[in-house]
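K.L.:
sequence and computational prediction follow.
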Amino acid sequence: MKQEAPNPVDDETLHAWVDGRLDAAGRERMRALLQADPALAATVDAWSQQRDALRGLHASLATEAPPAAMVQAARALGERRQRAVDWQRWGGMAASVVIAFAVGWLGHGQWRGWNDRQAAALARSQGPVEFGRQAVVAHVVYTPEVRHPVEVEAAQQEHLVQWLSKRLGRPLKVPMLGEQGYELVGGRLLPGDKGARAQFMYQNAAGERLTLYIGAIDDGASRASGETAFRFTSEAGVASFYWVDRGFGYAMTGKLPRQRLLTLSEAAYRQL
Amino acid sequence: MPAPAVDAQAVVGFIPDLRRYARSLTGDAWSADDLVQDTLERACDRLSLWRPGSDLRAWLFTLMHNLWVDGARRAVRQQQSAQVDVDDVAHELMAPPPATEQALDLQRCLMRLPEDQRETLLLVSLQDLGYEDVARITGVPVGTVMSRLSRARARLRELMDGARPTAAPAPPLRRLE
């Protein structure tokens, strides 16, 4: 076993020398030290040789073409970011429109079925409004997806429901909208303020898509009263009805006339 | 202001580095490529955690570190009994290696380093990362990086000396803990 003599310099300086991280003055001092101390010089030489050998290790991988799966994953990284960018852009736009809408709504005193106390509580929490906004953003971001509109397809419906239920921490049901002409495409999991959100996507024969967005929501007023009220928002042709039921928010969103969307929302509400 | 998109081409350019590092770290082509693939996929999942403008390559190494540590903990439990003592394989190491087998020897000796030391040594040497970067990637203070580096270099030197045929009457190597 080798006995390393006590060094006149600290290890950090020795490593910095070997790794080429000393400044000119430091290098000068080291050169003088190494000349005076052959044992130290031998250690440092050995470390330098080691470093060179390590830098040559598996060098062929540096020029070898990477496996296709890795290249694909790297490309997906670029796409993923693009989606986040879209999200921010749409999020900002949707937020301004929804807030403007909410302000107008409050101003006209059009709170259907809501007394002042509940309106005040809602204005404080902004929970449901924020939820409706997020549902619109999620709709706008994912419905144009051609290849991956959903994470889990309707064919695996049982798995889909189990998975989303587990992630949302409550048993979910997928409303069937076949009578209204919409078939389930599948679902995906999304992040939300208070845990996960689920998005179910539906499509009709014309390829028009509809989303149902579900997640926990902080809305003290409706939880206390157990009351559910449909609220409506629309932006650039994308309309959404959202409601809160026992601490969970639901939003039905699509490019549809208000009355048609309301019919679909009621159909979903009855099944949930 | 919209965040800048990740340049997918830049990430593709990091793949050789990631593969080389993973290969040296795991000592096995299959586990290495699995580790790289998992790293890229985790990066996709967690891209929202990456701060745009910060060093993407260092972030990928951080993800790989975390995945590898998780995997290594499992592997250590499974292979504890299968760990080989240097003394038991001394005759293998003494076999006169042709010059081309130096890399094989080096990899074999690397695998005898404790995982945290091997990782630190490779990040510093092979990847030429700064000590502060290595500290951030491995989630330890710089002082720990330096002490791991010292132990790794001293130990690898012993192991490599033992691997050379000229060291025939070398005193038996013992594992240091």
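P.N.:
Cool, the structure landed.

K.L.:
can you tell me the helix or strand for residue B:109?
P.N.:
helix B:102-110 (DSSP states H and E).

K.L.:
let me redo that: residue B:15
P.N.:
helix B:8-26.

K.L.:
after that helix, next one along is what?
P.N.:
Next helix or strand after helix B:8-26 toward the C-terminus (DSSP H and E): helix B:29-45.

K.L.:
if you count neighbours, what's buried in stretch A:132-152?
P.N.:
A:132-143, A:149-150, A:152 (16 or more other Cβ atoms under 10 Å in any protein chain shown). (Glycine included, C-beta is placed from N, CA and C.)

K.L.:
roughly how far does the residue in chain A that chain B sits nearest to sit from residue B:18?
P.N.:
Using Cβ to the nearest Cβ, the single residue of chain A nearest to chain B is residue A:78, 2.9 Å away. Separation of residue A:78 from residue B:18 (Cβ to Cβ, to the nearest Å): 16 Å.

K.L.:
compare these two and say which is more crowded by neighbours.
P.N.:
More crowded of residue A:78 and residue B:18, by other Cβ atoms under 10 Å in any protein chain shown: residue B:18, with 27 against 18.

K.L.:
which residue, neighbours along the chain excluded, lies closest to that one?
P.N.:
Leaving aside its chain neighbours, residue B:18 sits nearest to residue B:36 (4.8 Å; criterion: Cβ to Cβ, 6 or more residues apart in numbering or on different chains).

K.L.:
correct me if wrong: that neighbour contacts residue B:26.
P.N.:
No: counting by Cβ atoms under 8 Å, residue B:36 stays clear of residue B:26, with 10.0 Å between them.

K.L.:
quick one, which of those two is more surrounded?
P.N.:
residue B:36 (29 against 21).

K.L.:
so what's that one up against?
P.N.:
Taking Cβ atoms under 8 Å, 6 or more residues apart in numbering or on different chains, we find residue B:36 in contact with A:70, B:15, B:18, B:19, B:22, B:64.

K.L.:
kindly report the same for residue A:195.
P.N.:
Neighbouring residues of residue A:195 by Cβ under 8 Å, 6+ apart: A:168, A:169, A:215, A:216.

K.L.:
kindly recompute the last result at 6 Å.
P.N.:
Applying Cβ atoms under 6 Å, 6 or more residues apart in numbering or on different chains to residue A:195 gives the contacts residue A:216.

K.L.:
partner residues bridging it?
P.N.:
residue A:192 (DSSP bridges).

K.L.:
next secondary structure after the helix holding residue B:109?
P.N.:
As assigned by DSSP H and E, the chain's next helix or strand after helix B:102-110 is helix B:115-125.

K.L.:
what packs against that following helix?
P.N.:
Helices and strands touching helix B:115-125, by 3 or more Cβ pairs under 6 Å, 6 or more residues apart in numbering or on different chains; DSSP states H and E, are helix B:8-26, helix B:142-163.

K.L.:
if you set the cut-off to 8 Å instead, what comes out?
P.N.:
In this structure, helix B:115-125 makes packing contacts with helix A:38-55, helix B:8-26, helix B:56-79, helix B:102-110, helix B:131-138, helix B:142-163, judged by 3 or more Cβ pairs under 8 Å, 6 or more residues apart in numbering or on different chains; DSSP states H and E.

K.L.:
of those helices, which is nearest residue A:238?
P.N.:
Nearest to residue A:238 among the helices and strands packed on helix B:115-125 is helix B:8-26 (29.4 Å), distances taken as Cβ to Cβ.

K.L.:
what angle do the closest one and helix B:115-125 make?
P.N.:
If you take axes from the mean of the first three to the mean of the last three Cα atoms, to 10 degrees, helix B:8-26 sits at 130 degrees to helix B:115-125.

K.L.:
average pLDDT for helix B:8-26?
P.N.:
Across helix B:8-26, pLDDT averages out at 90.

K.L.:
neighbours of the residue in chain B positioned nearest to chain A, how many?
P.N.:
The minimum distance from chain B to chain A, using Cβ to the nearest Cβ, falls at residue B:8 (2.9 Å). Residue B:8 is flanked by 19 other residues according to other Cβ under 10 Å.

K.L.:
likewise the one 4 residues further on?
P.N.:
Residues contacting residue B:12 under the criterion other Cβ under 10 Å number 19.

K.L.:
what sits closest to it if chain neighbours are left out?
P.N.:
Leaving aside its sequence neighbours, residue B:12 sits nearest to residue A:74 (Cβ to Cβ, 6+ apart; 4.6 Å).

K.L.:
next up, phi/psi of the one you found, please.
P.N.:
Per-residue torsions, residue A:74: phi -70, psi -40 (degrees, to the nearest 10).

K.L.:
just residue A:210 next, same as before
P.N.:
phi -130, psi 140.

K.L.:
can you count the residues close to the residue nearest to it when sequence neighbours are not counted?
P.N.:
Distances taken as Cβ to Cβ, 6+ apart put residue A:254 closest to residue A:210, at 4.0 Å, once the chain neighbours are dropped. Neighbours of residue A:254 under the rule other Cβ under 10 Å: 24.

K.L.:
give the helix, strand or coil label for residue A:201.
P.N.:
With DSSP: H, G, I helix; E, B strand; the rest coil as the basis, residue A:201 sits in strand.

K.L.:
that one and residue A:73, how far apart?
P.N.:
Going from residue A:201 to residue A:73 by Cβ to Cβ gives 25 Å.

K.L.:
also residue B:157?
P.N.:
Counting by Cβ to Cβ, the separation of residue B:157 from residue A:73 is 38 Å.

K.L.:
counting neighbours, go ahead and name the busier of those two.
P.N.:
Higher neighbour count among residue B:157 and residue A:73: residue A:73, with 24 against 19, using other Cβ under 10 Å.

K.L.:
name the nearest residue to residue B:68, sequence neighbours excluded.
P.N.:
Spatial nearest neighbour of residue B:68, chain neighbours left out: residue B:35 (6.0 Å); criterion: Cβ to Cβ, 6+ apart.

K.L.:
and the residue nearest to residue B:12, how many neighbours?
P.N.:
For residue A:74, using other Cβ under 10 Å, the count is 26.

K.L.:
tell me who's in contact with it.
P.N.:
Residues in contact with residue A:74 (Cβ under 8 Å, 6+ apart) are B:8, B:11, B:12, B:14, B:15, B:40.

K.L.:
hmm, back to that, who's the residue nearest to residue A:210 bridged to?
P.N.:
With DSSP bridges as the criterion, residue A:254 is bridged to residue A:210, residue A:239.

K.L.:
re earlier: chain center to the helix holding residue B:15: distance?
P.N.:
Its chain's C-alpha centre lies 12 Å from the corresponding centre of helix B:8-26 when counted by Cα atoms, centre = their mean, to the nearest Å.
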